[in-house]
Structure formats: structure tokens, C-alpha cells
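**Student:** one predicted model, sequence on top.
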Amino acid sequence: MDDEEELPRLTLGLLRRADTMCPQRLAHEHASSRKPSRLGDAGFEVANRVTEDAILWHKGAVEADSAAIAFPAPTDLGPEQCAYYEALGRGYRISFPERDVVVDDLGWSTDIDDLGVRLVGRVGIGLRHADGHHELRVVRTAPQRSLIDDVELQFTVLRATAWVDTFTLTVTNLLTLESVSYDIDVRERLADARAWLEERLAVVQARADRQRPILGADCRHCTCIPSCKKARASA
Amino acid sequence: MSRSLLPQIVRLTPSNYSDFLWCPRLFYIGSLLSVPPSDTPFRSADQGLLVHDVLERVHTNGSCRDNANVQTALAHFDADTPQMRGFVERHANRCPQEFEREAHEVDRVRFHREPPPMFLATARIDAVWIHDGVLDVRDYKTGAGREQSLSEDPRAKVQAWVMARDALRTGLRLQLRYEYLQPETDDDPEPWEPDDDDLAQIDDELRRAVASMWAEEAWRGVSEADACGKCRYRSICRDSVAPAEAQWPVLSEAEL
């Protein structure tokens, strides 16, 4: 899809930090997925791979003994990343030993047509268990102060709307093995989640402003720095 | 390798610059690969964050010498423990009594454009006080003290470089001070007032450090027993000479 055709994007990060984000960065990331300058993305490499390999493991379980293909030792990562990956893989196998599940693909985005926005970002691994119940499995790959907050819960409900009506949301830290779970009734929560989204979208739209950069913590992971007037003026 | 790992504009922070000078591989594993520490208890970071949160709230709502205000802040974070009260008391002994302005937990940024290479330095400043013509920049420390003056501490150099622009803009004298809040640390290092020559030297040091990041290919570790023995990646680092077992809790659990 061309940049011009993209719906305005709302990621979990934008929704969470809209009140304090740099208005220029907010405007850019709301409007486009383009990255004007490159950031180092190696930090996501292992975390993304673990999720992908967990999905592969479950898919493989349908046809074969998946123990042999669960989280294979990476051959293309450095030794520290391999140690990290192996720990996460171990955490997954300990936390979720059951292999007899079917993976549902929730995709990367959900369009909210009446608001004209696209919710962007993976929300977890969608699974159907043998007994018919659904689970959305979220894995954490680094220590966090809390496993999940209200913002992510609302976002998850909105992203899961087209999937199923009820599911168990499981959030597990694969390094610490801390875990929480919630029984989610999408219909019951949807009105609240929609109201929350509209409120947050209003904040995003009110604050997003390409002409009003503010220097601060956002600059650390901002791709707009080379063209940012405020950053250049700080030199 | 560097070209794909480093951002187009390298980001420096007080801690990642300190890491890079301590050991390039420490910087590589922590800042570029974002691998969580394998050899420090996870909860130790939480305590530091909590102290910062409490002190910010204390100052936002009043004075750190007002017992009722302190009590309210501690209760807000469910942190009313003797240890936490001790942190606040030790801070209060150092906190300026009279000042014109104050700010807490502020993020400051400064961009370096020329001469190349470009970089962006950011620093989260715990507290800034303006008094007596001084821009008094404070950093709260809840870990063990370092036996070096602030003028030699890489973290302080980045903080000074970032804040120097504010000092110049406001016509104030820049002063940096670390408050060690653990009872085990007897004295803070002497406050540091970097002059123009100091700041020019820091500018040069930072630029040279970023240039050497771009020149890195192997990100070789220092492989020295003293350095590796204290490293938060000593058990998994390719170049560690201090063998250890990784402390990630998952590794102590038996697989089913």
C-alpha cells in the first residue's frame, strides 16, 4: 500500500504516550510508517524471533513431533543473543508445554473504518485449544514493572474484536516466568474500549503537529532527528 | 556490522557512554542488541526507579523536609519502609533550602552536527535547582559509589555536555552533583563546575567515541578479570573472563 493510501495509524505506543509525546513525532508516526532515518533495530531481533518460532512450533505440532523443531538454536546470531534466545525458548516451553493448539492469525492491524484509523501492532499469539476455548498469548521478553496495563488491555480488545467473542488473555514474562491471565468478553468490554479509543484519538489529533517539535525523551527513538529544526538548533 | 546496528545518528546517554568506555562489548550487548542483563537481580532496578518516583512526587507537592508531605508520597507508592524513608532523609540533608526555580525528572537533549560524526546526547536529569546564579544539576544514586571525581566520570561528562547549553542560555554557572542515597556510601563526590575548557574537551571526547563506534567491527570485550567480574553480562558475554551462571530466573526452573 502506498504511503498516501495508508489510514492514519494508531500504535499502542502512540495511544499510551500521546499526552506527552513530541507533537512532531506524534504527527509523523500517526500519519506514516515511513522512517526518515534509520534506527538500530537489532534490539527486536530476538524478541520477534521467539514469537515467530513459538508460532512455528505450534503449527508444526499438528503434523509432527514438534519437540525437535521447538526453538532451534540460531545459527545467525551472536553468542549473547543465542543465550538470550535459548532462555526465552526455555521460558516458553516451561510456561506453555501444551502443543496441541491451533494458531489463529490476528494480523498486524485492524481498521476502524468509522473513525478512519488503523490500529497497528501485534497483540499476541491467537490460539484455539483442543477443548475449543481461545487464548491470546502475550509474551514479555524483558523485565517490566508490570505485565500489562489498562491501555494495552483496551487496545487488545479492539484488535481482537474480529477474532472471537471470548478468550483468555495470558501475559507471561519468559525470563521471570511471572504470569497473569484475564477472561475477556469482547462484547462486554467493547463499548468501553471504543469510548477510550475515541478519547485517545482526540488527544492524538489535538496534539499532533509537524511544526511543533519538542526536545525530550522522545528524541532517543525518533527517526525525524536529521530534519528536526529543534534538534538542529540544539547543536 | 556497525553500519547495520548503529542508528544513523548515534544516541549517547550517560550510562551507555560509560558502558562504551568501560567495555565496547558491554555497549554492544546492552545498547545495540538490547539483551537484558543476565547477571543482576531484576528487582535492583525497580528500587532505583521507585526512589526517583518518590522524590519527584515529594518535590512536586511540597518540601522534602515536610514530614506529612513525605509520608503522603511514600503512601502513594506503597513504599513507606525504613529504607525508603532513609533515602528521602539523606536526600533532604543535601536539598537546597532556598532557590528561585526547580524542575524534576526532566529530559534534556543536545545534538552534535559538525564536525562529523553526528550524534544526539540525551540525559534524564533527576533534579535541577536554580539558586545563587547556579544551575544546580542533581543526580540521585541508589547504587554503590564510584571512586572517581565527577570530572572523570563519563556519565557526568555527558550530563554536563547536555546541560551546558541550558547554562549558557540562562547565563548561569553549571554545577553537577551526585547524591548517593545509600547509607553505605559515606560521602558524595565533590560537586563539579565544568569550565569552557572542560566542556570543549568533553565535546571532543564524545565525538571521538562516536567515531570509534562507527569504526568498530568486532566489538571486542576488554576481557579483564576486574571489569568482567562486575559486568552485568559476565555469564553470557563472548569475551568474559569471569565465568558465571546467568541469573535469569527461568534458568533455575526445571523443564517439564
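**Tutor:** In hand now; what should we look at?
**Student:** where exactly do the helices run in the chain?
**Tutor:** In the absence of a named chain, chain A is used. In chain A, the segments counted as helices under DSSP state H are A:12-17, A:23-31, A:45-61, A:79-95, A:150-160, A:186-207, A:229-233.
**Student:** wrong one, I was asking about chain B
**Tutor:** B:2-5, B:14-22, B:24-27, B:43-61, B:67-76, B:82-92, B:154-170, B:196-215, B:225-229.
**Student:** how about the ones you listed in JSON lines, adding mean neighbour count and distance to A:Ala130?
**Tutor:** C-betas here are computed from N, CA, C, even on glycine. Rendered in JSON lines, the data for these read as follows (neighbours: other Cβ atoms under 10 Å in any protein chain shown; distance: least, Cβ to Cβ, whole Å):
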{"stretch": "helix B:2-5", "mean neighbour count": "13", "distance to A:Ala130": "43"}
{"stretch": "helix B:14-22", "mean neighbour count": "20", "distance to A:Ala130": "47"}
{"stretch": "helix B:24-27", "mean neighbour count": "23", "distance to A:Ala130": "46"}
{"stretch": "helix B:43-61", "mean neighbour count": "17", "distance to A:Ala130": "38"}
{"stretch": "helix B:67-76", "mean neighbour count": "16", "distance to A:Ala130": "46"}
{"stretch": "helix B:82-92", "mean neighbour count": "16", "distance to A:Ala130": "48"}
{"stretch": "helix B:154-170", "mean neighbour count": "21", "distance to A:Ala130": "54"}
{"stretch": "helix B:196-215", "mean neighbour count": "15", "distance to A:Ala130": "51"}
{"stretch": "helix B:225-229", "mean neighbour count": "14", "distance to A:Ala130": "48"}
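**Student:** would you turn the ones you listed into TSV with mean pLDDT?
**Tutor:** Rendered in TSV, the data for those read as follows (pLDDT from 0 to 100):
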stretch	mean pLDDT
helix B:2-5	65
helix B:14-22	97
helix B:24-27	97
helix B:43-61	87
helix B:67-76	96
helix B:82-92	95
helix B:154-170	97
helix B:196-215	97
helix B:225-229	95
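**Student:** which among those is found nearest to chain A?
**Tutor:** Distances from chain A to each of the helices of chain B were compared using Cβ to the nearest Cβ; the minimum, 5.0 Å, belongs to helix B:2-5.
**Student:** and the helices of chain B as CSV, adding distance to chain A?
**Tutor:** Conversion of those to CSV gives the following (distance: least, Cβ to the nearest Cβ, whole Å):
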stretch, distance to chain A
helix B:2-5, 5
helix B:14-22, 10
helix B:24-27, 8
helix B:43-61, 7
helix B:67-76, 15
helix B:82-92, 16
helix B:154-170, 6
helix B:196-215, 11
helix B:225-229, 13
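**Student:** can you redo those as JSON lines with distance to A:Ala73?
**Tutor:** Conversion of the helices of chain B to JSON lines gives the following (distance: least, Cβ to Cβ, whole Å):
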{"stretch": "helix B:2-5", "distance to A:Ala73": "22"}
{"stretch": "helix B:14-22", "distance to A:Ala73": "28"}
{"stretch": "helix B:24-27", "distance to A:Ala73": "21"}
{"stretch": "helix B:43-61", "distance to A:Ala73": "29"}
{"stretch": "helix B:67-76", "distance to A:Ala73": "47"}
{"stretch": "helix B:82-92", "distance to A:Ala73": "43"}
{"stretch": "helix B:154-170", "distance to A:Ala73": "36"}
{"stretch": "helix B:196-215", "distance to A:Ala73": "29"}
{"stretch": "helix B:225-229", "distance to A:Ala73": "25"}
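**Student:** to A:Leu174, which of these lies closest?
**Tutor:** For A:Leu174, the closest of those is helix B:43-61, at 17.5 Å, according to Cβ to Cβ.
**Student:** skipping adjacent residues, who's closest to the residue of the stretch 1-150 of chain B found nearest chain A in space?
**Tutor:** Closest approach of the stretch 1-150 of chain B to chain A (Cβ to the nearest Cβ) occurs at B:Ser34, with a separation of 3.0 Å. Closest residue to B:Ser34 in three dimensions, ignoring its sequence neighbours and counting by Cβ to Cβ, 6 or more residues apart in numbering or on different chains: A:Gly43, at 3.0 Å.
**Student:** and the residue in chain A positioned nearest to chain B, what does it touch?
**Tutor:** Residue of chain A nearest chain B, by Cβ to the nearest Cβ: A:Gly43 (3.0 Å). The neighbourhood of A:Gly43, defined by Cβ atoms under 8 Å, 6 or more residues apart in numbering or on different chains, consists of B:32-34.
**Student:** mind putting the residues you listed in TSV, neighbour count included?
**Tutor:** Rendered in TSV, the data for the contacts of A:Gly43 read as follows (neighbours: other Cβ atoms under 10 Å in any protein chain shown):
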residue	neighbour count
B:Leu32	21
B:Leu33	21
B:Ser34	19
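**Student:** let me know the closest of those residues to A:Val139.
**Tutor:** Minimum distance to A:Val139 across the contacts of A:Gly43 is 15.6 Å, recorded for B:Ser34 (Cβ to Cβ).
**Student:** before we move on, back to that, tell me which of the helices of chain A sits nearest to A:Pro72.
**Tutor:** Comparing those by their distance to A:Pro72 (Cβ to Cβ), the top pick is helix A:45-61, with 7.4 Å.
**Student:** any chance of the helices of chain A in JSON lines, plus mean pLDDT and mean neighbour count?
**Tutor:** Putting those into JSON lines (pLDDT from 0 to 100; neighbours: other Cβ atoms under 10 Å in any protein chain shown) gives the following:
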{"stretch": "helix A:12-17", "mean pLDDT": "96", "mean neighbour count": "18"}
{"stretch": "helix A:23-31", "mean pLDDT": "96", "mean neighbour count": "22"}
{"stretch": "helix A:45-61", "mean pLDDT": "89", "mean neighbour count": "18"}
{"stretch": "helix A:79-95", "mean pLDDT": "95", "mean neighbour count": "21"}
{"stretch": "helix A:150-160", "mean pLDDT": "97", "mean neighbour count": "21"}
{"stretch": "helix A:186-207", "mean pLDDT": "98", "mean neighbour count": "15"}
{"stretch": "helix A:229-233", "mean pLDDT": "91", "mean neighbour count": "15"}
